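*Asks:* Give me the fold of what follows.
(one chain, ligands or ions: 2)
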Amino acid sequence: MTVKLILTDIEGTTSSISFVKDVLFPYAAQHLPDYVRSHLQDAQVQQQLAQTAQLAAAEGIDVDATDHEALIALLLQWIAADRKVTPLKALQGLIWEAGYKNRDYAAHMYADATEYLQRWHASGIPLYVYSSGSVQAQKLFFGYSQDGDLLPLFSGHFDTLVGAKREAASYRNILTELQKQHDIQAADVLFLSDIIEELDAAREAGLQTCWLVRDAALPQNPTHTAVSSFADIVL
Ligand SMILES: CSCCC(=O)C(=O)COP(=O)(O)O
Ligand SMILES: [Mg+2]
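*Replies:* Ligands and ions are numbered 1, 2, ... in the order given. Next up, the predicted model:
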């Protein structure tokens, strides 16, 4: 099957899990309390705090929507638990901006990911990102990568506003958006990820899939095509 468009995950696929877990998440945890307290008048922050309170209520967590300190404590718990929830991801994106711009860190890229993203882009294959990180966080990530500004390689970005990454409906939503720009069918799209449940959901929606296995031996009988490097992806 030919591939007309590539949709890629970030953490564990183009970039190491360790950079996200050991650099970005601790930075967000360290700066979130002061950031929220000093931006209480910002509409974006107010919106994310309101959504945090709504989500908490839906999960049966008793938190007063006007109690900013309680919401901050909850958000810190969610960072520690690596919750992929939209209001947390949006706030993390806002907080990480300062870190990238101060050059406190640059986003990690696997060398093969940078090389092949550049090659595929040069050969005219549209590249898109689907990550739990907010679209803003994705743009910062690739804009301030250790390999320089890679943002021009991408034609577009999707985050959890289209749905959770382990649900087939999210990939159908992405396809609907992609079809507004490209003459493609689900089977023309290759989704790259390190997480089997995400690949299962993408396959259920009709996409081609490829499993990036970065820190372990390749499995014997994988349920998705498995590779350890972008260099081994056959288009
Ligand atoms: C792109 S921002 C940092 C990554 C992040 O917050 C995250 O949750 C990564 O999730 P992914 O879907 O890329 O595995
Ligand atoms: Mg991932």
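*Asks:* which residues does F191 bridge with?
*Replies:* L7, T209 (DSSP bridges).
*Asks:* Now for Y100: which residues touch it?
*Replies:* When contacts are counted by Cβ atoms under 8 Å, 6 or more residues apart in numbering, Y100 is found next to 106-107, 140, 143-144. C-beta coordinates here come from the backbone N, C-alpha and C atoms, glycine included.
*Asks:* what's the helix or strand for the residue of the chain found nearest ligand 1?
*Replies:* Residue of the chain nearest ligand 1, by Cβ to the nearest ligand atom: G133 (2.4 Å). According to DSSP states H and E, G133 maps onto no helix or strand at all.
*Asks:* now A28
*Replies:* Here A28, judged by DSSP H and E, is contained in helix 25-38.
*Asks:* Give me the mean pLDDT for that helix.
*Replies:* Computed over helix 25-38, the mean pLDDT rounds to 96.
*Asks:* got it, and stretch 90-110?
*Replies:* Summarised as a single mean, pLDDT over stretch 90-110 is 95.
*Asks:* Please put the alpha-carbon coordinates of it into PDB.
*Replies:* Extracted C-alpha coordinates of stretch 90-110, given in PDB (Å, rounded to 0.1, in the frame of the first residue of the first chain):
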ATOM      1  CA  ALA A  90      -2.900  23.400  27.500                       C
ATOM      2  CA  LEU A  91      -1.400  24.900  30.700                       C
ATOM      3  CA  GLN A  92       1.800  22.900  30.200                       C
ATOM      4  CA  GLY A  93       2.200  24.400  26.700                       C
ATOM      5  CA  LEU A  94       1.900  27.900  28.100                       C
ATOM      6  CA  ILE A  95       4.500  27.200  30.800                       C
ATOM      7  CA  TRP A  96       7.000  25.400  28.500                       C
ATOM      8  CA  GLU A  97       7.100  28.500  26.200                       C
ATOM      9  CA  ALA A  98       9.300  30.400  28.600                       C
ATOM     10  CA  GLY A  99      11.700  27.400  29.000                       C
ATOM     11  CA  TYR A 100      12.200  27.100  25.300                       C
ATOM     12  CA  LYS A 101      12.600  30.800  24.700                       C
ATOM     13  CA  ASN A 102      15.100  31.100  27.600                       C
ATOM     14  CA  ARG A 103      17.000  28.100  26.100                       C
ATOM     15  CA  ASP A 104      16.600  26.200  29.400                       C
ATOM     16  CA  TYR A 105      16.100  23.100  27.200                       C
ATOM     17  CA  ALA A 106      15.700  22.200  23.500                       C
ATOM     18  CA  ALA A 107      13.400  19.300  22.500                       C
ATOM     19  CA  HIS A 108      15.000  16.000  22.000                       C
ATOM     20  CA  MET A 109      14.800  14.400  18.500                       C
ATOM     21  CA  TYR A 110      16.000  11.000  17.500                       C
END
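*Asks:* in that stretch, what's buried?
*Replies:* Under the neighbour-count criterion of 16 or more other Cβ atoms under 10 Å, stretch 90-110 has 90-96, 99-100, 106-110 buried.
*Asks:* could you list every residue that touches the closest residue to K101 other than its chain neighbours?
*Replies:* Once flanking residues are discounted, K101 sits nearest to Y144: 7.7 Å by Cβ to Cβ, 6 or more residues apart in numbering. Counting by Cβ under 8 Å, 6+ apart, Y144 makes contact with 100-101, 106-107.
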